[in-house]
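Colleague: No sequence on hand, only this structure:
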Ligand SMILES: C[C@](O)(CO)[C@H](O)COP(=O)(O)OP(=O)(O)OC[C@H]1O[C@@H](n2ccc(N)nc2=O)[C@H](O)[C@@H]1O
Ligand SMILES: Nc1ncnc2c1ncn2[C@@H]1O[C@H](COP(=O)(O)OP(=O)(O)OP(=O)(O)O)[C@@H](O)[C@H]1O
């Protein structure tokens, strides 16, 4: 059997409202989630459970038992040797760990292992990453409502290289009972999306900014580079900008890298790659 290769696309919270808090301390979310044309890659082969990590962000990500690739494989009862190509910065608000776990589960499903229940226990974003298509995400991530396809829009992702631990960002929030997302209309163009997003928020952005001020510089630089819309994703520190042309996005990414930041030009909601 040839190796099973699964893409683990970066997750973007285009809008992220925090609407309450459960008794166990977890926060209730209401988020428009979409996926990008960049991500990690997971390669699986039948064999004893093992993990090797390569790629630009491999240094700094331990291969230990608590790596989400191994936790996902154990949850599915799958035996596989796994190679993770880590292209996304770690702990950066674009769901790398959840995307990897979901890719392992998809890969194991292709090798005959049933999808296990309770995947949200691996990480709040695992359920939405399983399909990696646009969705509204509610609850603490376990309620996923698929949305019609979004237009393919030029996108730049930027991370200033500061780690912002998710629990710290939730803890730094002022208000935890914010209004839900407005209804999501049919979004057929960049103009539609930018104007709908203008009426929404990332409720974690002010808290993350207070912990990591460079996020503010990234947002300013994205707007100055011609982004039609810019915002932080998840609990940060990665921010995204939406552009009206692929050329403008590429030029912006090149300029943003001059700050010493990780910056990549890609697409929002890319057309699926042929398998
Ligand atoms: C903020 C988001 O990126 C939005 O997509 C995700 O909800 C975070 O997902 P994640 O990184 O997979 O987070 P988890 O590993 O599940 O949780 C990390 C920590 O963040 C806090 N946390 C997380 C999710 C949530 N809905 N409420 C929380 O308060 C909790 O302290 C939790 O222990
Ligand atoms: N395969 C993995 N990739 C990335 N992080 C992992 C992985 N396995 C375990 N982790 C741990 O999970 C933590 C969160 O990493 P991740 O990249 O998923 O965060 P994130 O991008 O902030 O996610 P989110 O957008 O869901 O908040 C890291 O601190 C890391 O040590």
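Modeller: In hand now; what should we look at? Note that the coordinates shown come from a computational prediction; the quantities given were computed from them, not determined experimentally. Residues are numbered from 1 along each chain as shown. Ligands and ions are numbered 1, 2, ... in the order given.
Colleague: Does the residue in the stretch 101-250 of the chain that ligand 2 sits nearest to belong to a helix, a strand or coil?
Modeller: Nearest to ligand 2, among the residues of the stretch 101-250 of the chain, is residue 234, at 3.4 Å (CB to the nearest ligand atom). C-betas here are computed from N, CA, C, even on glycine. When the structure is reduced to helix, strand and coil (DSSP: H, G, I helix; E, B strand; the rest coil), residue 234 reads as coil.
Colleague: How many residues are close by it?
Modeller: Residue 234: 26 surrounding residues under other CB atoms under 10 Å.
Colleague: List the residues that contact the nearest residue to it once chain neighbours are set aside.
Modeller: The shortest distance from residue 234 to any residue that is not its chain neighbour, by CB to CB, 6 or more residues apart in numbering, is 3.2 Å, and that residue is residue 93. Shown here is residue 93, whose contacts under the criterion CB atoms under 8 Å, 6 or more residues apart in numbering are 13, 164, 208, 232-238.
Colleague: Let me know the helix or strand that the residue in the stretch 51-200 of the chain positioned nearest to ligand 2 is in.
Modeller: Of all residues in the stretch 51-200 of the chain, the one sitting closest to ligand 2 is residue 97 (2.7 Å; CB to the nearest ligand atom). When elements are assigned from DSSP states H and E, residue 97 belongs to helix 96-110.
Colleague: Angles on the backbone of the residue of the stretch 101-250 of the chain closest to ligand 2, please.
Modeller: The phi and psi values for residue 234, taken as degrees, to the nearest 10, are phi 50, psi -130.
Colleague: Residue 238 contacts residue 161, doesn't it?
Modeller: No - with contacts defined as CB atoms under 8 Å, residue 238 does not count as touching residue 161, sitting 10.4 Å away.
Colleague: So which of those two has more stuff around it?
Modeller: For residue 238 and residue 161, the more surrounded residue by other CB under 10 Å is residue 238, and the numbers stand at 27 against 13.
Colleague: Ligand 2 contacts on the protein?
Modeller: Where the chain comes near ligand 2, counting by CB under 6 Å from any ligand atom, the residues are 61, 67-69, 84, 90-98, 100, 123, 125, 166, 234-235.
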